[in-house]
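1. Below is the sequence, then the predicted model.
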Amino acid sequence: MKYTLLTYLMIITLLTGGCSSGNDAPSQTPEGVLHPDTLKQVLMDIHLAEAALKRNQLEGDTAVIQAQQYYNEIYQVHNITEDEFMTSMAYYRTRQQQFQTMYEELIKAMSKKEAKLSGKGE
């Protein structure tokens, strides 16, 4: 499934964070590559969508169709294309330190969101 593949890709990228290519210095984002802040927001939405898919326990074609619908909605909300997202992921995978820092910030933001939501339920 596409969403599972994306999750594995992100995990592998984080685990190989020590394998820097030396291109980690912050620089201007090239044309066609999402700004790190934008990518973080897109990734947050993707992780939330994947959690919803997992919770719904969809299987087979139904899961694939639902995942693609979620992804399309996320791309539309952020006014990006799937190609821009995939190009950005490929770009940041070659900049391990920058990508790892981005993910650490993403995890903090998601943890805050989770704490806020769980606090409302009490």
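-> Everything's here; your move. Numbering: from 1, shown residues only.
2. List the buried residues of the top helix by length along the chain.
-> As assigned by DSSP state H, the longest helix anywhere in the chain is helix 96-120. Within helix 96-120, the residues scored as buried using 16 or more other Cβ atoms under 10 Å are 96, 97, 98, 99, 100, 102, 103, 106, 110. For every residue, glycine as well, the C-beta is placed using N, CA and C.
3. Show me which of these is closest to residue 39.
-> Of all the buried residues of helix 96-120, residue 39 sits closest to residue 102, with 6.7 Å by Cβ to Cβ.
4. ok, that closest one to residue 53 distance?
-> Distance, residue 102 to residue 53, using Cβ to Cβ, to the nearest Å: 23 Å.
5. how far out from the middle of the chain is stretch 70-78?
-> Offset of stretch 70-78 from its chain centre (Cα atoms, centre = their mean, to the nearest Å): 12 Å.
6. Give the rounded mean pLDDT of that stretch.
-> Averaged over stretch 70-78, pLDDT sits at 96.
7. Only alpha carbons, please: show it as CSV.
-> C-alpha atoms of stretch 70-78 as CSV (Å, rounded to 0.1, in the frame of the first residue of the first chain):
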residue,chain,number,x,y,z
TYR,A,70,-6.8,11.4,1.7
TYR,A,71,-3.5,12.3,-0.1
ASN,A,72,-5.3,14.2,-2.8
GLU,A,73,-7.2,16.2,-0.2
ILE,A,74,-4.0,16.9,1.6
TYR,A,75,-2.3,18.1,-1.6
GLN,A,76,-5.3,20.3,-2.4
VAL,A,77,-5.4,21.8,1.1
HIS,A,78,-1.7,22.7,0.9
